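# Quick one: sequence plus predicted model below, questions after.
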Amino acid sequence: MLNTVMAKINVRSWLNWAGIVVWLAVIFYFSSLKGGGVANYSVLYFLERKSLHVIEYFILTSLLYRALIQNFSQAKVFILAGALSLLYAMTDEWHQTFVPGREGLVRDVLIDLMGIVLAIIFIWSFKQWMSRKKQ
């Protein structure tokens, strides 16, 4: 029975990390697409593009939280998930400097950081709500 439980834990852990790798590949793929070189952005176009940054890193931080919470305290997980997501955001912007028509911008890292912070706030709030609900 213990072997069955351990096997389920290992499969779950593997799936969590596999999901992270897939999501990192999705972000890398979209960052590798050649830029359109649009000189006159509309406000709507800008908001649409930048909201995707927030969503991408909200998801990444949430996936990292789910994988890391099995081995660390919640406070450490928030720090680790946030730091790893921010590190990937920085390397992603650096990667874009090599893609024709794209540029790496500190502004985009800050927008990614918004998604990271929103994920942490959402997860923390949800955990607080669930613990109050149980009482």
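Right, received. Where do you want to start?
# gap between the spatially most central residue of the chain and residue 44?
Nearest to the mean C-alpha position of the chain, by C-alpha atoms, centre = their mean, lies residue 60 at 2.0 Å. Look at residue 60 and residue 44: by C-beta to C-beta, to the nearest Å, they are 25 Å apart. Bear in mind the C-beta positions are built from the backbone N, C-alpha and C, glycine included.
# What of residue 12?
41 Å.
# Just confirm residue 108 contacts residue 93, I think it does.
Yes: using C-beta atoms under 8 Å as the test, residue 108 is close enough to residue 93 to be in contact (5.6 Å).
# Can you report phi and psi for the residue nearest to residue 96 when sequence neighbours are not counted?
In space, not counting the residues next to it along the chain, residue 96 is nearest to residue 102; the distance is 4.2 Å by C-beta to C-beta, 6 or more residues apart in numbering. Main-chain torsions, residue 102, degrees, to the nearest 10: phi -120, psi 160.
# same thing with the one 4 residues further on?
According to degrees, to the nearest 10, the main-chain angles of residue 106 amount to phi -60, psi -40.
# which residues touch it?
Residues in contact with residue 106 (C-beta atoms under 8 Å, 6 or more residues apart in numbering) are residue 93.
# show me where pLDDT drops low in the protein?
Applying pLDDT under 70 to the chain picks out residues 1-9, 36-41.
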